[in-house]
Structures are given as C-alpha cells and as structure tokens.
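In: model the following, please.
(4 chains)
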2 protein chains.
Amino acid sequence: MLAEHLGLSSATVSLVLNGSPVADSIPQKTKDRVFAAARDFNYRPNFVARSLRTQRTFMIGVLVPEVSEGYAAAVMGGIEDELLQEGYFYLVASHRHRADLIEEYPLLLQRRSVEGLIAVDTPWNQDIPIPVVAISGRAQAKGITQIVLDHQRAAELALEHLYHLGHRRIAFIKGQSFSSDTEVRWNAIGKAARNLKLEMRPELSVQLEGDLPLLDLGYGVTHKLLASRSRFTAIFAFNDISAMGAIRALRENGKRVPEDVSVVGFDDIQSAAFQNPGLTTVRQPLRRMGRLAAETVLRNIAAPAPHKSSRRIVVEPELVVRESTTAAPLAKPRRS
Amino acid sequence: MLAEHLGLSSATVSLVLNGSPVADSIPQKTKDRVFAAARDFNYRPNFVARSLRTQRTFMIGVLVPEVSEGYAAAVMGGIEDELLQEGYFYLVASHRHRADLIEEYPLLLQRRSVEGLIAVDTPWNQDIPIPVVAISGRAQAKGITQIVLDHQRAAELALEHLYHLGHRRIAFIKGQSFSSDTEVRWNAIGKAARNLKLEMRPELSVQLEGDLPLLDLGYGVTHKLLASRSRFTAIFAFNDISAMGAIRALRENGKRVPEDVSVVGFDDIQSAAFQNPGLTTVRQPLRRMGRLAAETVLRNIAAPAPHKSSRRIVVEPELVVRESTTAAPLAKPRRS
DNA sequence: ATCCTCTACTAAACCGGTTTAGTGTAACAC
DNA sequence: GTGTTACACTAAACCGGTTTAGTAGAGGAT
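Out: Now for the predicted structure:
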C-alpha cells in the first residue's frame, strides 16, 4: 500500500478509510490528510486482499440453463438490479441441462467463494454451506428457499380466459420432462380443467421434447397435432416460444390465429409482445422473481437462517391478453 | 490448510498439488499420499488466497447496456462458451446507457481485479491497464481491440435484396443517437444506396429515440412515417425490434407485410425467427462475436500486446431471408 | 515525583495459499 | 575420513490489505 509514502502506517490508513470506530481517537486533521492522499493517489484497496482477510467476497453465483435465452435473461435482469445496488457482483454459469455441469458448477462457484447461489430452472439436490435460492427449479435439498409461481392460479387464468371465450376443445403443449415446471403446471392445469368441467382429451395433448435450442419446439408438435385431425379451437402452450412455433405451424396449415385457433403462451418473454399478432400469455413476473431471489439470498447472507427450513415464496401470475385469442369459432361465447 | 494434518508442510502440499517442477524430487509415494488426502478431505484450495499471491483472478468483466435484452444476451452466450471452457468466470454489469455508470463500472470491475474487459455496445474512451475488447462500441481509446461488423457489406446485402425485389421507395429507421452503430451503419447505407443509384428521400427517414425499454421503438416512428403520407414499399429498420414494431404499425394501418410493404430487420435476434411472418434480417453473428471477443481478451492476457495499437476484427454479416420481404407492389421486380 | 489517563498511533498477527531459498540427511566418490 | 551431490523436504517471505493488542508521549491529578 503506497499511501503511507506520506507518513503513516498502513494500519492507520486502513482504519481511517474504513471509518472504523478504532479510528475515533484520530484527529480530523490526520484523517483529512489520509483522505486527500487517497484521492490524489487514486487509491483503490485491492479487493482480493480484503476478501481474504474479511472472508467476504460480495459475489454470488447464478446458475441458469442458458444465458442467451429470454427466460434466464429476464430473471438475470432482476437479479442484477438488486445485487449491483447492494454492492455485489455475480458470476454466471450456464449448464444447458447437462447433469455433469449441474453437478460441477456449484462446486466451482464455491471455490470462488461466492457468498450465495441463485439457481434458475435448475434441478437441485445438493446440500451446501451457503444460502441457495431456487427460481422455479425442483429443489429437493433442505434449507433452500424457492421462488415459485402460483401455478394453480396461472392455469386458472389461462383456462378461464379460454373457457369464457367459448373454447371447449383445447389442445395442450406440455413441457419437456427435464424442465422443472412441467409437472406442477400440468397438474394445475388438470385441476383447473376439472373445476371448469372441461374435458382434457388425451389426443389433444402433446409434449415438447427437443432440448435447448428450442427454435421451433412448438412447431413440430403442432404439426403432429394437426396431422391427427383431432378438432380443437385453442392451444395452451407450455411457454411463449412453443406458442410461437405453434402459431407458425397453424398458419402453414391454413389456420388463422386467432380466428380459427386461439393460442395462449406462458412466461411473457419480451418477444411475446413483439409478435404479430401479440401473444396472449400468462405472465410470470420474471424480473421481479429475479430481484426477489437476490433480496432473499442477501438477507440469508446477512442473517444466516438458524433452522435449515425450506421456505417457498409464491409469486402471482398475470394474464396478459393480446391478440392471439378470441371467441371460439362455431360456438357462442359467454363473455368476452 | 488442513491437509498437512497428515504429515507434511503446506509448502509441500501446494507444490505437489500444483504439479510444480520443484516437486520433481518428491517421490511418487509421497505425492500419492498427498493426492489421497486431498481427495479424502475434499480439499479445495481457497481461490481468493491463491489469487492474492499469484495475482491472477481468472475473471473478466463484461459491460453491457442491459442483460435482459436479446442482443446482449446472445453476445454473452458466446462469451461464456469460451470463458468457462478456459476456466474463467465473468462479472456482468448493465449500464443502461447511463453515463455515470459507464464511467463507474469499469472502475468497480478493476477493483475486483478482473483480468480483462469486454464492452458490448458501450462507448469507450478510457485508457485502462488491462486488455479491453469492444463489440460494436465506438471506441476512441488506443490499445483496445474492436470486434465490428462489416457494415458496408450489411447495408449492401439488405439494399440489394430490396432493390432486386423491385423496391425503389425505401424508408429507413435510423438508430438512436446513443447507439454506437448508428452512424457507421447510416453512412454505409448511404454509400450502398448511391452505388445502386437508389434515392434516399429525407422524408422517408425517421430516427429512433426512446431509450432502453425499446418496447415499441419502431412502432411510433412508423406511425409517423405513415401519417406523413409519403409513399414507400419497403422499410429497412435499424434492428429487429424496431422492425417488429414497424410491422405492427403497418398492420394497424391496414398494410399487409410483405404484400404491401416489405420489412428488413437487423441483428437476427432469437425472436426474429419466431415472428409471423418470419423476419427477413441482416444477421450479425452475435454469439460468434462474443466468443471472438472472449478469445481475444484471453489472448491479450496471456501475451500482453507490446504496442498499444488499436486493432479491429471485422466479421461478416449474412442476409437471412424469411417471409417479411417480397416483390414490390406495382412495379416489375427484376429478379426474385 | 509518581501514577493515571488520554490521545494518536503502530507492531504484528492474520487471511490461506504460492514460491524462493535453503537445510538436513544419506549415498556416493575419492 | 572427507567432500560432493542428490534427494526430500521445509522455513519463511510474500500477496495487500484488516484487525487486535499494545505502546509512546503528553497532560493532569495527587
């Protein structure tokens, strides 16, 4: 540390600059000299050295399936808002759903001494000694906090919307088996359908299969659906991307959206609003969920939970009605 | 370090585990004991301590306008591919084009001892002591490497495509003044137009203005364009998002895309392909640019450039023809 | 003159490794 | 028996701060 080229010990300088109570006895005059020198020399204490001594890194790790994908990107936006504001930085790692990476990255991040971890849509069963918050991942380990969507409400919002528009024959695009939300959401849909006395026909359910690129996930399965010649007037897709793929497949088959078939997506990623027609979708407040996760992880760092209890924080979805849904054809809608 | 609970000094353990040549004289038997103990105790050397001594952090900083936005997300995907593979992690900071943050974040990242910096679409004029690679930012400082698109080629690809489809009255949506690509691209378009003897009418040029949210950037200006009643048969937008906004505005005005007006975007972000109709656009190889930036920054770290020369690496665009462009109405197209 | 109490600092330990310069011992040469 | 070398390690410095325990010196009380 070069600052005591001008008189004092490094201890004094450190004490003064950090405003330690031990420095109370140091006269203002000396303090001012220190501050002035720090400014003149443009002194920036070495963060690594400080981290070593204080055992604080002010870093947290973020695990996502893939950074470049809209869902993760939106969540990260919220995470970052909160973290940078609180003086933290974050390290990101994309595991692309590869089991070995899901295993390895948390270890690597721990070696980097991150103070907490946020796992986005990542299966989790490890028990690690730092706070972990999972966003919509199926978490089995104890002691982690989960941010989850109220899937029941989400299913109701979508189905009631379609139901009130007169749709009775609704096709469903189910998520990939590796996605953590698939199962809960599917069950929620089943329950919501029963409440509405809506029949879920097996021949109108298809499941996504491809992995990451997810280019035209919904495209293929919708073609399959159309090929089966089962009649339907609406599709409820697992996510916005598959909904967009579905719309394309419908168009190619001469179906108009929404006049012939209504389509509801899920997530409300940025491009849902950019679609033409705009996509009606169930919004997950992704940015807020990210922010919430960051807040939670910071709180857990500040005050380590005494009891390793698993908590869950439920966030509410919101139906965003755009132009991809309308009254069912050949049937009298009840309300709009 | 707990590992020498079983016999040796920490120095020996470190030497052995790091495969230092100094450890050559240590018999294999001892080495094996060390390795075994490391495994049993699940020993992970503290990265912070090591960083302090070796002055290596294996971290690089990434500056972007906004993480949650498609352009930055795609670039980050490429950056991450390369970095994680090479054992590096990265810290991200979003400056939202705020001048104070653009000033501050590089400093914060340097305090964190990042070994290099990648600036995405970020104006840059500082001269800092670590390698910097800029992706499509207007960089003025010396010593930094820029990854830039061949804008001339990009403009030609788009204009020639439209020209050959018979379009002569083409409207242009120009980028925001803060975006680093705006000016070069505009000049490139001008030059390409002259080469084609295409007249650029001032009344057919509009400029984006809003800042980040960019929800319907192109929407407003296109409405303005339509309101001016100037006739045009095609729009070349500054980016995909404004192109999507333009399409929406056109539709609302009863214009069909592409039958009445063809639209060309720029970037080829993920949702361009998801559009209905699929958006014809000039692709920037964003992921590759990110990867290239990461490779370059790592190379500069390994072998610091002796001469602080500014280099530029030019990448080639590619025209992706989808469904938003077709032959101009009321005119004989030359070729399809 | 002696003791006490403040004031204004600082010496030195510490964080957890890496790295340099040695050191003790055994084997070998002469 | 003595000098030399190779072997198998280790002491200690070091990275750059933070933090604890303590100390020198001035001034006041007795």
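In: can you tell me how far A:F232 sits from A:R322?
Out: Per CB to CB, to the nearest Å, A:F232 is found 20 Å from A:R322. Backbone N, C-alpha and C define where each C-beta goes, glycine included.
In: er, A:A23 actually
Out: 59 Å.
In: give me the distance from the helix or strand harbouring A:I247 to the chain's centre.
Out: Counting by DSSP states H and E, the element that carries A:I247 is helix A:240-252. Centroid separation between helix A:240-252 and its chain, computed with CA atoms, centre = their mean, to the nearest Å, is 23 Å.
In: how far off helix A:240-252 does the helix or strand following it point, in degrees?
Out: The first helix or strand that comes after helix A:240-252 along the chain, using DSSP H and E, is strand A:262-267. Strand A:262-267 and helix A:240-252 are oriented at 160 degrees to each other (axes from the mean of the first three to the mean of the last three CA atoms, to 10 degrees).
In: I'd like the average pLDDT over strand A:262-267.
Out: The average pLDDT for strand A:262-267 rounds to 96.
In: ok, stretch A:189-203 next?
Out: 95.
In: return the set of buried residues in it.
Out: Neighbour counts over stretch A:189-203 (16 or more other CB atoms under 10 Å in any protein chain shown) mark A:189, A:192-193, A:198, A:200 as buried.
In: pull up the residues of chain A that are close to DNA strand D.
Out: By CB under 7 Å from any atom of the strand, the residues of chain A that approach DNA strand D are A:1, A:10-11, A:14-15, A:17-18, A:20, A:22, A:45-46, A:49-50, A:52-54.
In: one step back: which one of the buried residues of stretch A:189-203 is nearest to A:G265?
Out: Lowest distance from A:G265 to the buried residues of stretch A:189-203 (CB to CB) belongs to A:I189, with 14.0 Å.
In: so after whatever helix or strand the closest one lives in, what's the next helix or strand?
Out: If you go by DSSP H and E, A:I189 is part of helix A:182-195. Per DSSP H and E, helix A:182-195 leads on to strand A:205-207 as the next helix or strand towards the C-terminus.
In: how far off centre is whichever helix or strand comes after that following strand?
Out: Note on strand A:205-207: by DSSP H and E, the next helix or strand toward the C-terminus is helix A:217-227. Distance of helix A:217-227 from its chain centroid, counting by CA atoms, centre = their mean, is 27 Å.
In: between helix A:217-227 and strand A:262-267, how big is the angle?
Out: Interaxial angle, helix A:217-227 versus strand A:262-267 (the same axes, to 10 degrees): 150 degrees.
In: for helix A:217-227, packing partners?
Out: strand A:170-174, strand A:205-207, helix A:240-252 (3 or more CB pairs under 8 Å, 6 or more residues apart in numbering or on different chains; DSSP states H and E).
In: do the strand or helix carrying A:I235 and chain B meet?
Out: In the assignment (DSSP H and E), A:I235 maps to strand A:234-236. No. Counting by CB under 8 Å from any CB of the partner chain, chain B has no neighbours in strand A:234-236; the shortest distance is 14.1 Å.
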